[in-house]
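**Q** Just a sequence and a predicted model for now, questions to come.
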2 protein chains.
Amino acid sequence: MRHLETLEFIEAIHRAGSIRGAADSLSLTSTALNRRLLALEGELGAPIFERLPRGVRLSPAGELLIQHIRGQRADLERVRSQIADLKGERRGHVKVACSQALLPYFMPREISAYRAEHPLVTFSVNLRDRYRAERALVAHEADIALVFEPVRLADVQVLATAPQPVHAVMARSHPLAAKRVVRLSDLAAFPVGMPSEEFGVRYLLDIAMRRSSVKLTPLIESDSFEFLRCYPGPELMVTFQIPIGLPADDGREPIVTRPIDTRDVPAGLLYLAQMRGRTLPVAAANFARQLARALDAAEPKGE
Amino acid sequence: MRHLETLEFIEAIHRAGSIRGAADSLSLTSTALNRRLLALEGELGAPIFERLPRGVRLSPAGELLIQHIRGQRADLERVRSQIADLKGERRGHVKVACSQALLPYFMPREISAYRAEHPLVTFSVNLRDRYRAERALVAHEADIALVFEPVRLADVQVLATAPQPVHAVMARSHPLAAKRVVRLSDLAAFPVGMPSEEFGVRYLLDIAMRRSSVKLTPLIESDSFEFLRCYPGPELMVTFQIPIGLPADDGREPIVTRPIDTRDVPAGLLYLAQMRGRTLPVAAANFARQLARALDAAEPKGE
DNA sequence: CATTGTGGTGCAGGAATTGCAGCGGTGACG
DNA sequence: CGTCACCGCTGCAATTCCTGCACCACAATG
């Protein structure tokens, strides 16, 4: 789309941090790029970048402009997708930002289900913790976000929610595996694998620990649930996960999961969200609708 | 702004109804315009206009595109205004769509008050009945709308409301001028000047008449409140208006106004609104805030 | 003090856009 | 039924606009 070229260039300069650097990445001369920037600043009546000795940095006006640019591109993308839609071509691209728990089972299943009906739709799935998922929505880096226990919900519109009680994850041979529901005090006797602080599960556990004065002993802290789950079991270590990030227990898995009593650790909420006020492209809107249905259906699951 | 040029051209073609016609109004050749249109349609992958023997007409894809164009231009305008704002230049342009009652007193007073503090801000004030005011918001022809008893409020965000009881307007010598409050049944004895059907006041009166079985005898129906008010008084004619459209009664005006009992005709609501989800330009947002304050302050007025 | 990076500028070549003339087609009108 | 006017569209030449090279001034770096 030609008329957004200059605006794309601005964003490239922002990314590269210098005009010459951006020019290289765009296969252009710095001259041409510089000229375009100067022309745009002229029309705008204000500098878009502050000139520094080692490059450029966005001015306040530039911050405004870059946000506008992202919005324009996203809206154009929406129009293109709607036009393609009314031509009958069910193609498109959906950008999803989600928490780690969604990656192993939920998202693959949902995406493959969607693609079974719309094979021309492609996907980007990016792992974003609860802070960055919301920023990704606002920066138009993602169309929809699926995030556990989001931080602040400004500029974000909630499409659906699903309660997710925290589960304890352990080896099948673990003593606690005999219980149907695990109390927080049960866990104090065993070493635990703690998710790091950016995760919603950790957030809920920290609250619970402050409230109940039960102290868990973190053997390992990691930002990878997969690592925590796979850490060898002889240590009797327990880790945590929410149901949507757990496989169906078919009796053969080497690990088992037990819900933690919600009187000790309240159930968190999984949020499906988009940027407030934005009209999503057709494919993204349809996929979001499917996800919302899936979350509603999964609600009585919990084990 | 160069990068919106092509999109502006599309809108010009839409307005003119033909490529050659638009080319003339743009001081261009039909060749150039046609080429641009074809290029854009190529990039978009779908025709924007249906080709008719006597010109062109928007295709469904074009309808989508033209809405996108208007949104982009309005958003760019917002960015420009915000940039000008942070440069300290308090300039800008505010487009207001409002009901007739606001034109004689309220809008002039508010605009001149605003311009006293921001002399670089200019205004467009357009009369739009309650149907068309909302459409003007959606089409980005107006930033804010001030409308009495709006029709449907979809795609419109309400910023403030003010109740406006309907008043009877009559000559100072009129028999009913002796009363402090007028009942609907009082009016049956006199000829009335009716506002035409597109007005909110008429809407309220029609409802009241259906409900109370009191029949008013419309001597004159007009779409001009000014005409109705100025129609010579010997006929003892009564007409209607809401307080915000009435001058302050200083005892010297040849006409007087009396509120109609709200048990007969319920008070209507004056709505200050903008398009849902839109971020207004700085000047428009500030002016809207002032209007909201003015409406709140005017509430206990009513005579 | 030289080197290396930055943004900015004059000038010439080149690419993209424009305008002119003309084609084929359709509806209005005498 | 022929004429006319208007429509969208296209080949070719002119022009305009944009690009790229060489170069400048400047600041940080070593």
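**A** Received the coordinates, thanks. Keep in mind that what you see is a predicted model, and the values were worked out from it rather than measured. Numbering: from 1, shown residues only, chains lettered A, B, ... in the order given.

**Q** got a list of contacts for stretch A:145-160?
**A** Residues from elsewhere that reach stretch A:145-160 (C-beta atoms under 8 Å, 6 or more residues apart in numbering or on different chains): A:96-99, A:101-102, A:106-107, A:128, A:130-131, A:133-134, A:136-138, A:144, A:164, A:199-201, A:203-204, A:242, A:268-277, A:288, A:291-292, A:295-296. For every residue, glycine as well, the C-beta is placed using N, CA and C.

**Q** Looking at those residues, which are in helices?
**A** A:106-107, A:130-131, A:133-134, A:136-138, A:200-201, A:203-204, A:288, A:291-292, A:295-296 (DSSP state H).

**Q** List buried residues within those.
**A** A:106-107, A:130, A:133-134, A:136-138, A:200-201, A:203-204, A:288, A:291-292, A:295 (16 or more other C-beta atoms under 10 Å in any protein chain shown).

**Q** what's the closest of the residues you listed to chain B?
**A** Of all those, A:Val138 has the smallest distance to chain B: 12.9 Å, by C-beta to the nearest C-beta.

**Q** Check the closest one and give its pLDDT.
**A** At A:Val138, the pLDDT value in this model is 90.

**Q** cool, and A:Arg2?
**A** 69.

**Q** Next up, the contacts around the closest residue to chain B within chain A.
**A** Per C-beta to the nearest C-beta, A:Gly277 is where chain A lies closest to chain B, at 3.5 Å. Residues in contact with A:Gly277 (C-beta under 8 Å, 6+ apart) are A:157, B:276-278.

**Q** So what's the predicted local confidence for it?
**A** 83.

**Q** Please apply the same query to the one 10 residues further on.
**A** We note a pLDDT of 96 for A:Phe287 in this prediction.

**Q** So what's the residue count around A:Arg15?
**A** If you count neighbours by other C-beta atoms under 10 Å in any protein chain shown, A:Arg15 ends up with 10.

**Q** Surely it is in contact with A:Phe9?
**A** No: if you go by C-beta atoms under 8 Å, A:Arg15 and A:Phe9 don't touch, sitting 10.6 Å apart.

**Q** what residues do these two have in common as contacts?
**A** A:Ala22.

**Q** For the residue in the stretch 151-300 of chain A positioned nearest to DNA strand D, which residues are in contact?
**A** Nearest residue of the stretch 151-300 of chain A to DNA strand D: A:Val282, at 26.7 Å (C-beta to the nearest atom of the strand). By C-beta under 8 Å, 6+ apart, the contact list for A:Val282 reads A:78, A:81-82, A:84-85, A:92.

**Q** Which ones, among those, also lie beside chain B?
**A** By C-beta under 8 Å from any C-beta of the partner chain, the members of the contacts of A:Val282 lying near chain B are A:78, A:82, A:84.

**Q** where's the first one relative to DNA strand C, distance?
**A** Here the distance between A:Arg78 and DNA strand C works out to 24 Å (C-beta to the nearest atom of the strand, to the nearest Å).

**Q** what does the second one give?
**A** Computed with C-beta to the nearest atom of the strand, the distance linking A:Gln82 and DNA strand C is 25 Å.
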